[in-house]
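Engineer: got a sequence here, can you model it:
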Amino acid sequence: MAYATTNPYTGEVLKTFPDAADADVKQAIGDAHAAFLSWRESSFAERAKVMQKAADLLRQDADTYARILTTEMGKLLAEARAEVELSAEIFDYYATNAERLLAPETLPVAHASEGRVTLVHEPLGVLLCIEPWNFPYYQIARIIAPQLSAGNTMLLKHASNVPQSAAAFDALMKEAGLPDGAFRNLYATRTQIEFILNDPRVHGVALTGSEAAGSTIAALAGKALKKSTMELGGADAFVVLADADMKKTVDWAVFGRHWNGGQVCVSSKRMIVVDEVYDEFLERYRKGVAALIAGDPFDPKTTLAPLSSQGAADEIKDKVRQAISLGAKAEEVGPSVPNQGAFVQPTILTDVGEDNPARYWEFFGPVSMLFRAKDEADAVRIANDSPFGLGGSVFTSNPAHGAEVAKKISTGMVFVNHPTMVKADLPFGGVRRSGYGRELLGLGIKEFVNHKLIDVVDIDAPF
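Structural biologist: Predicted coordinates:
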């Protein structure tokens, strides 16, 4: 898998890590299962103590954690600090709420003869999480905080270009007091992933990543009859209605498309603007994008980060070339980005016709697609003309009407007058090619538990 830290701004390979040995993988599974047998018996209070300690440690050394993110995948240092805080907030959330979310439920029944019926939520066992590089800490936190709080144990296979981020979280959870084996980072190979999923002590897999990776892992999990959740790609619609506050809308559009270098599954990738205000939006959007400053992600003046790797930059440049060859018009915007680093010149694609396959692609970087809609109904049609269904937004001066429009957009999350956001207390997930399952809140913590029915039919028995 070639696990290595390569600084995306300098191109320097800073450190390499060997793949996990097969014996280490077998040992990790055994350790995780052994830890589960005791961890599942721990109280919610004991688990909450570990989650809270993890949050406290992240905040205590936030700058050190943030600098690892910036070094490994090029995230702006301010954004890296924000990711550390978001991860801490997720641990906070489950430390406070896990017991309430998994409390036994008494079910109403139609007849007394059915007895007293209770639904309890019990952990399944060892789980595998496979995570991407764009939010190296947040992606881990949003799966391990709920699942460890539920009593499961976890194995992590992280992206090959963020090995130090993965190791940092492994060390974090140990320092937080998690029992040995309950969470383990593995620099696993593809063959070893299949081996893990086929082990009977492993009961599920959560993946965040590409459609291709999701399809492969979902197939392996299905063949092994293991539960899976998939958070895959997105091409969020950013719908602008005629009455939108144009300054606020454009400011959010520039941010929504370019935060984290545009490498976000819920970036505002498709700007869908009604005809009446399209020209004004495009002119203002050009100026907003042109004002971005590309440079060293450690420099506080920088507002546009490099992509995570030179390979990622080359891939998106190639996709732009393909879109042009298929009929789209491309406009490079703003001052030239530095020659040093994995940068992509901010680009606006227009005239992406309905016969152009690029219309249905996800551009994972600072490339915006703009669509002119005839009217509101046409804007909704274009928004729904996508294989993806992750997030989206509607901009209007009438929030109540915006909510009505949001109901018509087929996606997992829609925000009115704000790009899709991620928070510790908001559920996350999509539909169609964007995957299935939900993370965070009660929806997330209940994805990998056994919802067990206990029916005491002898209602005269003592309780």
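
Engineer: can you confirm V352 is in a strand?
Structural biologist: No - going by DSSP: H, G, I helix; E, B strand; the rest coil, the assignment for V352 is coil, not a strand.

Engineer: so, low pLDDT: which residues of the stretch 201-350 of the chain?
Structural biologist: Judged against pLDDT under 70, the stretch 201-350 of the chain has no low-scoring part.

Engineer: and E105, what does it touch?
Structural biologist: 118-120 (Cβ atoms under 8 Å, 6 or more residues apart in numbering). C-beta: built from backbone N, CA, C; applies to glycine.

Engineer: if we use 7 Å, what do you get?
Structural biologist: 118-119 (Cβ atoms under 7 Å, 6 or more residues apart in numbering).

Engineer: repeat that for the one 3 residues further on.
Structural biologist: Not one residue lies near P108 by Cβ under 7 Å, 6+ apart.

Engineer: distance of it from E122?
Structural biologist: Taken as Cβ to Cβ, to the nearest Å, the spacing of P108 relative to E122 amounts to 22 Å.

Engineer: surely R257 touches L370?
Structural biologist: No - contact criterion Cβ atoms under 7 Å: R257 and L370 do not qualify, at 10.5 Å.

Engineer: comparing these two, which residue is more hemmed in?
Structural biologist: Ranked by neighbour count (other Cβ atoms under 10 Å), R257 and L370 place R257 first, with 28 against 22.

Engineer: and the gap between that one and L107?
Structural biologist: Using Cβ to Cβ, which is the criterion applied here, R257 is 46 Å from L107.

Engineer: go on, F415?
Structural biologist: If you go by Cβ to Cβ, the gap between F415 and L107 works out to 34 Å.

Engineer: quick one: which of these two has more around it?
Structural biologist: Each of F415 and L107 had its neighbours counted (other Cβ under 10 Å), and the higher figure belongs to F415 (21 against 13).

Engineer: kindly state the beta-bridge partners for that one.
Structural biologist: Bridge pairing for F415 (DSSP bridges) gives the partners S393.

Engineer: relative to K407, how far out is it?
Structural biologist: Summarising the geometry, the distance separating F415 from K407, computed by Cβ to Cβ, is 13 Å.

Engineer: contact partners for the spatially most central residue of the chain?
Structural biologist: The centre of the chain sits closest to Q139, judged by Cα atoms, centre = their mean, with a distance of 5.7 Å. Counting by Cβ under 7 Å, 6+ apart, Q139 makes contact with 131-132, 208.

Engineer: equivalent analysis for G262, please.
Structural biologist: When the contact criterion is Cβ under 7 Å, 6+ apart, the partners of G262 are 364-367.

Engineer: same thing with G389?
Structural biologist: With Cβ under 7 Å, 6+ apart as the criterion, the residues that contact G389 are 410-412, 430-432, 434.

Engineer: got it, and P338?
Structural biologist: For P338, the residues meeting the contact criterion (Cβ under 7 Å, 6+ apart) are 294-295.

Engineer: would it count as being in a strand?
Structural biologist: No - remark: P338 does not belong to a strand; assigned using three-state DSSP, it is coil.

Engineer: ok, the residue nearest to the centre of the chain to V239 distance?
Structural biologist: Note on Q139: its distance to V239, by Cβ to Cβ, is 27 Å.

Engineer: so F238 touches G256, yeah?
Structural biologist: Yes - in terms of Cβ under 7 Å, F238 counts as a neighbour of G256; the distance is 6.2 Å.

Engineer: which neighbours do those two have in common?
Structural biologist: In terms of Cβ under 7 Å, 6+ apart, F238 and G256 are both contacted by the residues 268, 419.

Engineer: please identify which of the two sits among more neighbours.
Structural biologist: More neighbours surround F238 than the other of F238 and G256, with 29 against 26 (other Cβ under 10 Å).

Engineer: on the three-state scheme, that one is what?
Structural biologist: Taking three-state DSSP as the rule, one finds F238 in the strand state.

Engineer: got it, and C265?
Structural biologist: Put simply, C265 is coil when judged by three-state DSSP.

Engineer: burial measure for it, as a count.
Structural biologist: The number of residues packed around C265, counting by other Cβ under 10 Å, is 28.

Engineer: could you check how far it is from L232?
Structural biologist: According to Cβ to Cβ, C265 and L232 sit 8 Å apart.

Engineer: again, but for K319
Structural biologist: Distance from K319 to L232, by Cβ to Cβ: 17 Å.
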